[in-house]
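In: just the structure for this:
(chains A and B)
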2 protein chains.
Amino acid sequence: MAELSKTSGVPVATIKFYLRERLLPAGERTGPNQSIYGEQHLRRLRLIRGLIEVGGLSVAGARDVIDAVDSELPLAHSFGVAQRAVSASIDPGDIDPEALAGIDRLIEGWRVSGDNPGRLAAARVLETFGALGQRDERNWFSRYAAAALLVAEADLDQVEARGSREAMAETVVIGTVLGDALFSGLRRAAQEHVSALRHPVLSEPDRAPTKEQECP
Amino acid sequence: MAELSKTSGVPVATIKFYLRERLLPAGERTGPNQSIYGEQHLRRLRLIRGLIEVGGLSVAGARDVIDAVDSELPLAHSFGVAQRAVSASIDPGDIDPEALAGIDRLIEGWRVSGDNPGRLAAARVLETFGALGQRDERNWFSRYAAAALLVAEADLDQVEARGSREAMAETVVIGTVLGDALFSGLRRAAQEHVSALRHPVLSEPDRAPTKEQECP
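Out: Next up, the predicted model:
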């Protein structure tokens, strides 16, 4: 275990915690105080860290996701489990029916089940936009839906490029959890870029002041 | 205040907390135990709830964002403040230079400052993907970047469609905070849809079993 800790950079106490919480399978016991941990453990440990530290999952959420990777469930189920683990549980009855109808108009023609956690989360956002008086101008929301479809196509291509069922399931959960963070990061960079293109002066506050600014 | 609570559906204790935390401006005092709260307070209260409950911001994060809306900062700064409020603070020195270079290749040609929080967050995700052995196959990441650009264009169009500077700043922060949630929700719905199109049987576990499944 000391060696696993050294190789992975994860403290021994944390590894013990993951073992107790059934996130990490036990090593092969070779003596009263000795177990062998292999490449599989190192790989799993990295997955746990990625899910919790970068993906922001709870320990319980990470366990659900890892159980889905280990199970023999069809791949589509891994998606469902990963999606539920990273989504707040929302009761459809709590959502304004008009917001739900708004989402269903946005994703018209998509084959999506009524309890898809993304559909409910998106409806919750639409409800909040409505309460805040943010109307959908210039097809704001449908452009999000079109971009989401592009990303989902890329996600599925990536999953299908993997070889084994386990590798595919791993990519499903990693992609679901970390893909959100990758997209939101790139979106922020893109906002700065588009804003700089459209409003060059505003976006460069530290460039040399113009004459007007010097002598108001 | 009782009336504000009734109209907004926010408990009096919560309103008092927001007043104490300077999220909500004080009402106009009309007597020792009486203040007048107007339309502005109701609107602000809805913004606070949206930022904290749907956007997942902390009270401190919501205050930063609201201060940016109220300030006379140029619009591009509101973007920066909103972005920082919703992003974990990341020290560029903590990120694998190779992951940073990877992001910079993805967003080549974009006008993005080195400390853009999205650039750093995306690099952190790339670093984690790398540690987990997830390689970028079939242009996975660059398709994310292309979709992020589409969404950022839609975001800027929406902001520019607003009239006043305050309304624009409000849309910047609301869109930055809630847009992440909207996109990730739509992405999950799109994943189910694309997966159902490509793997019809796997995605319909409860449809009638085929003969083969009945008699293996």
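In: give me the angle between the biggest helix by length in chain A and helix B:165-198.
Out: Criterion DSSP state H: the longest helix present in chain A is helix A:165-198. Relative orientation of helix A:165-198 versus helix B:165-198 (axes from the mean of the first three to the mean of the last three C-alpha atoms, to 10 degrees): 150 degrees.
In: now helix A:165-198, how far from the centre of its chain.
Out: 8 Å (C-alpha atoms, centre = their mean, to the nearest Å).
In: show the average pLDDT along that helix.
Out: The average pLDDT within helix A:165-198 is 89.
In: one more: stretch A:54-65?
Out: The predicted model assigns stretch A:54-65 a mean pLDDT of 85.
In: also stretch A:13-25?
Out: 91.
In: next, the buried residues of that stretch.
Out: By neighbour count on 16 or more other C-beta atoms under 10 Å in any protein chain shown, the buried set for stretch A:13-25 is A:14-15, A:18-19, A:23-24. C-beta: built from backbone N, CA, C; applies to glycine.
In: which residues does that stretch contact?
Out: Applying C-beta atoms under 8 Å, 6 or more residues apart in numbering or on different chains, the set of residues contacting stretch A:13-25 from outside is A:1, A:4-5, A:8, A:26, A:40-41, A:44-45, A:48, A:59, A:62-63, A:66.
In: with stretch A:39-55 instead?
Out: Under C-beta under 8 Å, 6+ apart, the answer for stretch A:39-55 is A:4, A:7-8, A:10, A:15, A:18, A:23-25, A:27, A:57-59, A:61-62, A:65-66, A:69, A:86, A:170, A:173-174, A:177-178, A:180-181, B:124-125, B:128, B:131-133.
In: if you set the cut-off to 7 Å instead, what comes out?
Out: Defining contact as C-beta atoms under 7 Å, 6 or more residues apart in numbering or on different chains, one finds that stretch A:39-55 is touched by A:4, A:7-8, A:10, A:18, A:23-24, A:27, A:57, A:59, A:62, A:65, A:86, A:170, A:174, A:177-178, A:181, B:124-125, B:128, B:131-132.
In: go through these and flag which are in helices.
Out: Using DSSP H, the contacts of stretch A:39-55 in helices are A:4, A:7-8, A:18, A:59, A:62, A:65, A:170, A:174, A:177-178, A:181, B:124-125, B:128, B:131.
In: just flag the most distant two among the residues you listed.
Out: The span of the ones in helices among the contacts of stretch A:39-55, defined through C-beta to C-beta, is set by A:4 and A:181 at 26.3 Å.
In: about what we covered before: got CSV for the buried residues of stretch A:13-25, with distance to residue A:165 too?
Out: Output for the buried residues of stretch A:13-25, formatted as CSV (distance: C-beta to C-beta, whole Å):
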residue, distance to residue A:165
A:14, 29
A:15, 27
A:18, 24
A:19, 25
A:23, 21
A:24, 21
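In: quick one: contacts for residue A:26?
Out: With C-beta under 7 Å, 6+ apart, residue A:26 has these contacts: A:19, A:35.
In: center of chain A - which residue?
Out: Residue closest to the mean C-alpha point of chain A, counted by C-alpha atoms, centre = their mean, is residue A:177 at 2.7 Å.
In: ok, for that one, nearest residue in space, not its chain neighbours?
Out: residue A:55 (3.6 Å; C-beta to C-beta, 6 or more residues apart in numbering or on different chains).
In: so which elements touch the host helix or strand of residue A:119?
Out: Residue A:119 is located in helix A:117-131, with elements delineated by DSSP states H and E. Packing contacts for helix A:117-131, counted by 3 or more C-beta pairs under 7 Å, 6 or more residues apart in numbering or on different chains; DSSP states H and E, involve helix A:75-85, helix A:97-106, helix B:165-198.
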